[in-house]
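> Just a sequence and a predicted model for now, questions to come.
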Amino acid sequence: MSHRIVFLDRETLDATLRPPSFPHDYVEHAVTAPDEIVARLKGADIAIINKVPMREDTLAQLPDLKLIAVAATGTDVVDKAAAKARGITVVNIRNYAFNTVPEHVIGLIFALRRAIVPYANSVRRGDWARARHFCYFDYPIRDVAGSTLGIVGYGALGKSIGQRAEALGMRVLAYDVMPQPGLVDLDTILRESDVITLHAPLTPETRNMIGRGELARMKRDAILINTARGGLVDEAALAEALTAGTIGGAGFDVLTSEPPRDDNPLLALDLPNLIITPHVAWASRQAMQILADQVVDNIEAFVAGRPQNVVE
């Protein structure tokens, strides 16, 4: 039996995708609009997606589809209840970003605590050339060593970041909804942390888990980092907090809508203590290749009758 595999948004993965080890036809599209999904998946039993939405009305028109292989960890683009009702298996990628995301987080911590970006921009503007002395102190610089890192979401990534932080001399506090030894509550994280980094999934319970009230309980010089999901933070409240000086800074790799709309309140800010990167924390060359290999591993396991990394 030959399988038909269609990758709907191949442009989102900059890595080599090896051919599966079973008879198949393979088609890829750089990008797919929602109104193109059904036509492109006609007759396909395996779909590979990253951010293409697979909703109930779409799945209802795809009677041959048996597997949705998500080329990412997050699966909120898939209506999983509708997929399950139609006998469609959904699989995702796990444990591939064990270096790339923690390194991005640590990079943001250093950049914000030590004001690296605003000082570099200042030199580019010519401020150093016009300075009266050999240096100047326009932006506060704070050591990373000796500061406290609060980790919200203490799974594999959270633990990896914690290990790196401890190696840098940081005190680590961790919070998670799943009981584990040594955890603290969220209020302790907010109250005591110099840096807070988010690593929770986006669910109805976690949406806007950091809002005006939580931001108000943070230290005035604390930094908020989000490389998880944009919807975890009320972006309007964060924009207000940054503008008012309620917190010390923010480093975000994710926004609620991606690509972001022109009216996103964070993009309207021009502040030295705000860094936004375009959802690339996951995207080191090494991590993307691990991800691509696991996509094919997941498909081969499903075809062999031993599905792995199944999302319920």
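Alright, I've got the coordinates. Here the structure is a predicted model, which is why all the values come from computation and not from measurement. Numbers count the residues shown, from 1 in each chain.
> can you tell me the helix or strand for Val90?
Element membership for Val90, per DSSP states H and E: strand 89-91.
> Quick one: list the elements packing against that strand.
strand 67-70, helix 80-85, helix 285-303 (3 or more C-beta pairs under 8 Å, 6 or more residues apart in numbering; DSSP states H and E). Every residue, glycine included, has its C-beta placed from N, CA and C.
> which of the ones you listed is buried the deepest?
Sort the helices and strands packed on strand 89-91 by mean neighbour count, taking mean count of other C-beta atoms under 10 Å, and strand 67-70 sits at the top with a mean of 24.
> re earlier: what mean pLDDT does the strand holding Val90 have?
Mean pLDDT, computed over strand 89-91, is 98.
> Likewise for stretch 191-200?
98.
> Which of the helices and strands packed on strand 89-91 sits closest to Val184?
helix 285-303 (29.7 Å; C-beta to C-beta).
> Output that closest one as CSV, nothing but the C-alphas.
Extracted as CSV, the C-alpha positions of helix 285-303 are listed here (Å, rounded to 0.1, in the frame of the first residue of the first chain):
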residue,chain,number,x,y,z
ARG,A,285,19.9,24.7,12.8
GLN,A,286,20.6,21.7,15.1
ALA,A,287,17.2,21.8,16.7
MET,A,288,15.3,22.1,13.4
GLN,A,289,17.1,19.1,12.1
ILE,A,290,16.2,17.1,15.2
LEU,A,291,12.6,18.2,14.7
ALA,A,292,12.6,17.2,11.0
ASP,A,293,14.0,13.8,11.8
GLN,A,294,11.3,13.3,14.5
VAL,A,295,8.5,14.3,12.0
VAL,A,296,9.6,11.4,9.8
ASP,A,297,10.1,9.1,12.8
ASN,A,298,6.5,9.8,13.9
ILE,A,299,5.1,9.1,10.5
GLU,A,300,7.1,5.8,10.1
ALA,A,301,5.9,4.7,13.6
PHE,A,302,2.3,5.4,12.7
VAL,A,303,2.5,3.5,9.4
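> quick one: low-confidence parts of the stretch 101-250 of the chain?
The stretch 101-250 of the chain contains no residues with pLDDT under 70.
> need the strands for it, in chain order.
Using DSSP state E, counting those that start in this stretch, the strands of the stretch 101-250 of the chain run over 148-152, 171-175, 195-198, 223-226, 249-252.
> As JSON lines, those with mean neighbour count would be great.
Formatted as JSON lines, the strands of the stretch 101-250 of the chain follow (neighbours: other C-beta atoms under 10 Å):
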{"stretch": "strand 148-152", "mean neighbour count": "25"}
{"stretch": "strand 171-175", "mean neighbour count": "20"}
{"stretch": "strand 195-198", "mean neighbour count": "26"}
{"stretch": "strand 223-226", "mean neighbour count": "27"}
{"stretch": "strand 249-252", "mean neighbour count": "24"}
